[in-house]
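What follows is a protein structure lacking sequence information:
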């Protein structure tokens, strides 16, 4: 059974052009274990793994992520972290 993927749009403060296409936003989806495995298997350094993972989640080539201004890159990283952070509403209390 498949469920709709949760996505978040990241508006780029500094739009970029890569391979003749302008990027003003990136739409990122929630990560899956397979995304991490693919990024880990195909790259040697932590930085390259992260760029590859973020490109998979945004559905773009790694060159798009590499071209981002650092301010926009940090926003993309924060969006990824927001997907992986546990919600306090979902935490269970051991005091119950």
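Looks like it arrived, so ask away. Please read all numbers here as calculations on a predicted model, not as lab measurements. Numbers count the residues shown, from 1 in each chain.

Isn't residue 16 up against residue 22?
Yes - counting by Cβ atoms under 8 Å, residue 16 does reach residue 22; the two are 7.4 Å apart. All C-beta atoms are positioned from the backbone trio N, CA, C, and that covers glycine.

which of the two has more neighbours?
residue 16 (18 against 9; other Cβ atoms under 10 Å).

Okay, and the beta partners of the more buried one?
Beta-bridge pairing of residue 16, defined through DSSP bridges, involves residue 23.

How about the contacts made by it?
Residues in contact with residue 16 (Cβ atoms under 8 Å, 6 or more residues apart in numbering) are 22-23, 64, 67-69.

Which of these lies at the shortest distance from residue 32?
Set against residue 32, the nearest of the contacts of residue 16 by Cβ to Cβ is residue 64 (20.0 Å).

That closest one looks like it's in a strand, true?
No - per DSSP: H, G, I helix; E, B strand; the rest coil, residue 64 lies outside any strand segment and is helix.

Can you give me the buried ones in the helix or strand encompassing residue 75?
Counting by DSSP states H and E, the element that carries residue 75 is helix 70-84. Within helix 70-84, the residues that qualify as buried are 72-73, 75-76, 79-80, counting by 16 or more other Cβ atoms under 10 Å.

distance of the most centrally placed residue in the chain from residue 77?
With distances taken as Cα atoms, centre = their mean, residue 54 lies nearest the centre of the chain, 3.7 Å away. Using Cβ to Cβ, to the nearest Å, one gets 7 Å for the distance from residue 54 to residue 77.
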